[in-house]
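Enquirer: Got a predicted model here, sequence first, then my questions.
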Amino acid sequence: MNKENKRKELLELVSILSNNETIYLINISDLNSNQISILRKNFHEHSIKMKMVKNTLLKKAINKIKNQKFDSFFPILNGNTTMLYSSSNGANVASKIIMNFHVQEKIDKPYLKGVYAQESFYFGGNKDLNLLIHLKSKEYLLTEILNILQFSTRNIVSSLLNSTKYKICEILEALSSDKK
């Protein structure tokens, strides 16, 4: 790879790291071309891009970003590294695709090296797949919180109105009995 191509690749990696909400680093070594093609197709259907990366170039891209949040990836940047990234999909979509692939192919590859999703890092291999599959998006959690608050607010307002209605009725009854 000449210097100009390395520079372009470095700038592309910086852009990927800077502009995507979800980044997976996986190991797909020992997969045949047909299996890789199946994975790539499944990821593509969900707007998740797949890119083979060189560890040294990825380290340089991480160093080039002013925000040091991706420094946590340094210890896992060895061996075969493939990057999955998406700006729109929740963190659990890629995990579901990987888990389904494990079941279909009856193998443990692709191996999960590390994930950046929901502003958090996940490491430790395929055991984190189940955790990531059940990870809720911020939007989902906010919607749940708002629904709970809305339900609670309705109950409070309803009880206030009901208690006020009875107090008004009692006052009117007392007033009407005084006149008699």
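Expert: Cool, got the structure. Numbers count the residues shown, from 1 in each chain.
Enquirer: where along the protein do the strands fall?
Expert: Listed from the start of the chain, the chain has strands (DSSP state E) covering 22-27, 49-53, 81-86, 111-117, 120-123.
Enquirer: The first one pairs with which strands?
Expert: The one in question is strand 22-27. Strand 22-27 sits in its sheet next to strand 81-86 (antiparallel), strand 111-117 (antiparallel), going by DSSP bridges.
Enquirer: tell me the mean pLDDT for the longest one?
Expert: For strand 111-117, mean pLDDT rounds to 89.
Enquirer: And the chain, split by domain according to the record?
Expert: If you go by automatic domain parsing, the domain ranges for the chain are 3-135, 136-180.
Enquirer: what's the most buried one of those?
Expert: domain 3-135 (a mean of 16; mean count of other CB atoms under 10 Å). C-beta: built from backbone N, CA, C; applies to glycine.
Enquirer: That one: how far from the chain's middle?
Expert: For domain 3-135, the separation from the chain centroid amounts to 12 Å (computed by CA atoms, centre = their mean, to the nearest Å).
Enquirer: For the residue positioned nearest the centre of the chain, give me its contacts.
Expert: The chain has residue 91 as the residue nearest its centroid, 2.6 Å off, counting by CA atoms, centre = their mean. Residues in contact with residue 91 (CB atoms under 8 Å, 6 or more residues apart in numbering) are 22, 115, 117, 118, 132, 135, 137.
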